[in-house]
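Q: Give me a model of this one.
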Amino acid sequence: MTLLLALVLAPPAIADDIDLGDIEIDLDDIDLGSSGHGDESSTYTGGLTERKNDLGDNVPVTVTHYGGNITVRCTEGDQISARIDFSVEGTDRDRLKAYGDGIGLAVWGDANGAGAKTRMPSKSSAIQRADVPLMVSAPPGTRLTVQGRDGWVQITNCTGALKASSTAGGVFAEGRYDSFQVTSQDGDVKVELTGNSVINASSAATSTKGKVELILPDDANVKLAATGAEVRVEHLVSGTNTDTNVSGNIGNGGPSVRLSAPKGEVKVKTP
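A: Next comes the predicted model:
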């Protein structure tokens, strides 16, 4: 594991300028100076990166992060890698350092499965803001599960069966999926089925407070049930068609696809 930490009294460092792969710092050599306990705001930044090679083909992947935004991109290969660049702001330097040092990242993988998971410390009142995004690169597989809580989730270029959720942020997923279960409590949900995606199992997309959008291939064969404050479907549906409920067969029918946004709009669009 490579670990980079810095403490400044200026605006937050830009994480994209940090090359974690080339820099190794011994924390024992860092002099942070005296503790700050006044009103002057401090920023503590750092980074973590982990990688696991020699995975099997089409392995299931699980990603869990409860401390910020999540980005997952699937790329061809036999490895999974994950990176965090964090920035913490507050008025107590000792507590900033303790919080930053408490952030952890673990990556694992073999022929049976792979994943990335973070450890987030408890946030004291001295922490004014914590930005802890997780970026994951993984091989496309048969099953992908992503769990978030305090930020949005973005998933691109993945395949197979998808499960993704977030409490505080929206969820956007683009890829060649054969089923999906995507939920958000406070944000919007968008699922874009690309290429020759064919839904072969029951699927659902739900937002409690936001809106839901599904981009579905023209030649899809599914049984749709879409309900929301307003519902718009571009495909031809044989069944019920009202402003708030569109239910019935698209194409020849098939696996059920449930879309729900009680307080927002539901849209089903063609590519």
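Q: does the closest residue in space to Thr75 that isn't next to it in sequence sit in a helix or strand, and which one?
A: Spatial nearest neighbour of Thr75, excluding adjacent residues (CB to CB, 6 or more residues apart in numbering): Ser137 at 5.6 Å. Using the backbone N, CA and C atoms, a C-beta is placed for each residue, glycine as well. Using DSSP states H and E, Ser137 maps to strand 134-138.
Q: List the neighbouring strands of that strand plus their orientation.
A: strand 70-74 (parallel), strand 80-90 (antiparallel) (DSSP bridges).
Q: Of those strands, give the one that comes closest to Gly248.
A: strand 70-74 (32.9 Å; CB to CB).
Q: which parts of the closest one are buried?
A: Buried residues in strand 70-74, counting neighbours by 16 or more other CB atoms under 10 Å, are found at 70-72, 74.
Q: got it, and stretch 40-50?
A: Neighbour-count burial for stretch 40-50 flags 42-50 (criterion: 16+ other CB under 10 Å).
Q: got the CA positions of that stretch in CSV?
A: The C-alpha coordinates for stretch 40-50 follow below in CSV (Å, rounded to 0.1, in the frame of the first residue of the first chain):
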residue,chain,number,x,y,z
GLU,A,40,-8.1,29.0,11.5
SER,A,41,-9.2,26.3,9.1
SER,A,42,-6.7,23.6,8.1
THR,A,43,-6.8,21.0,5.4
TYR,A,44,-5.4,17.5,5.6
THR,A,45,-4.9,15.5,2.3
GLY,A,46,-3.7,12.1,1.3
GLY,A,47,-4.1,9.1,-0.9
LEU,A,48,-4.4,5.3,-0.9
THR,A,49,-4.1,2.9,-3.7
GLU,A,50,-4.4,-0.9,-3.9
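Q: Quick one: end-to-end distance for stretch 121-134.
A: End-to-end distance of stretch 121-134 (CA to CA, to the nearest Å): 15 Å.
Q: Please enumerate residues in contact with that stretch?
A: Stretch 121-134 is touched from outside by 12, 15, 41, 63, 65, 67-71, 82-92, 95-96, 98-99, 102-103, 105, 116, 118, 120, 151, with contacts defined as CB atoms under 8 Å, 6 or more residues apart in numbering.
Q: re the thing from before, mind putting the buried residues of strand 70-74 into JSON lines with distance to Glu192 and pLDDT?
A: Output for the buried residues of strand 70-74, formatted as JSON lines (distance: CB to CB, whole Å; pLDDT from 0 to 100):
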{"residue": "Ile70", "distance to Glu192": "17", "pLDDT": "98"}
{"residue": "Thr71", "distance to Glu192": "16", "pLDDT": "98"}
{"residue": "Val72", "distance to Glu192": "14", "pLDDT": "98"}
{"residue": "Cys74", "distance to Glu192": "14", "pLDDT": "95"}
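Q: what about the strands in the stretch 101-250 of the chain?
A: When assigned using DSSP state E, counting those that start in this stretch, the strands of the stretch 101-250 of the chain occupy the ranges 104-110, 113-119, 127-131, 134-138, 143-148, 153-166, 171-184, 189-193, 203-207, 212-215, 222-233, 237-241, 245-250.
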